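> Need coordinates for the following:
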Amino acid sequence: RNRPPAEHERPTMLKLSHFMFQLEKQLYNAFEGSAVVDPPPSISCRNFFVANRKVCEDWFNQIRPALAWCTAAAEDPSGLLFHSAGVLANAQHAAAVAASPEDVTKAAAALERHIAVIAGASCTDNRYAPALHGFGVWARQ
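Residues are numbered from 1 along each chain as shown. Next up is the predicted model:
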């Protein structure tokens, strides 16, 4: 999209962000179990998600940049930090396992696009300053 979201779209984006966070939390519960009060999934459900874990993780990795943009547009700093951490980890992993210079260039481009999302959000709202500081710490590693 080339335009910021309209004011009436922000609650919907926030609901989407929270829904996707809860979905990812439930998937983790199905994969690993949970130490909190979430009820365990049924055996057949658990077996399905354990067998398809890679597919689920790949799907989240593909949509995570859009989710980060959505949380930034919805002015949800915690969601932006959560999804940003995933985007940055994916970019770092992609660069580490890159088989060619083109793969490294793609990973760098993805990282640059995401930095623009974080920086753009921080320019409009000072609640994102910790995200920029955390990114700086991560980048120096």
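> Now do the helices in this structure.
Here the chain has its helices, by DSSP state H, at 10-32, 43-51, 53-73, 77-96, 101-124, 129-140.
> Apart from its chain neighbours, what residue comes closest to N90?
N61 (5.2 Å; Cβ to Cβ, 6 or more residues apart in numbering). Where C-beta positions appear, they are placed from N, C-alpha and C, glycine not excepted.
> burial of C70, as a residue count?
24 (other Cβ atoms under 10 Å).
> Also A6?
By other Cβ under 10 Å, 7 other residues sit near A6.
> and G33, what does it touch?
For G33, the contact set (Cβ atoms under 8 Å, 6 or more residues apart in numbering) comprises P40.
> Going by neighbour count, which residues in stretch 36-52 are buried?
41, 49 (16 or more other Cβ atoms under 10 Å).
> swap in stretch 22-36?
24, 27-31.
> again, but for stretch 68-88
In stretch 68-88, counting by 16+ other Cβ under 10 Å, buried: 68-77, 79-88.
> same thing with stretch 103-118?
So stretch 103-118, judged by 16+ other Cβ under 10 Å, has buried residues 107, 110-111, 114-115, 117-118.
> now stretch 6-19
10, 13-14, 16-17.
> Could I get these in CSV, plus columns for distance to E102 and pLDDT?
Formatted as CSV, the buried residues of stretch 6-19 follow (distance: Cβ to Cβ, whole Å; pLDDT from 0 to 100):
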residue, distance to E102, pLDDT
R10, 37, 84
M13, 33, 87
L14, 37, 88
L16, 33, 89
S17, 32, 87
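> will you turn the buried residues of stretch 103-118 into a markdown table that also has pLDDT and distance to A98?
Conversion of the buried residues of stretch 103-118 to a markdown table gives the following (pLDDT from 0 to 100; distance: Cβ to Cβ, whole Å):
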| residue | pLDDT | distance to A98 |
| --- | --- | --- |
| A107 | 77 | 6 |
| A110 | 76 | 12 |
| L111 | 77 | 12 |
| H114 | 75 | 17 |
| I115 | 76 | 19 |
| V117 | 72 | 22 |
| I118 | 73 | 23 |
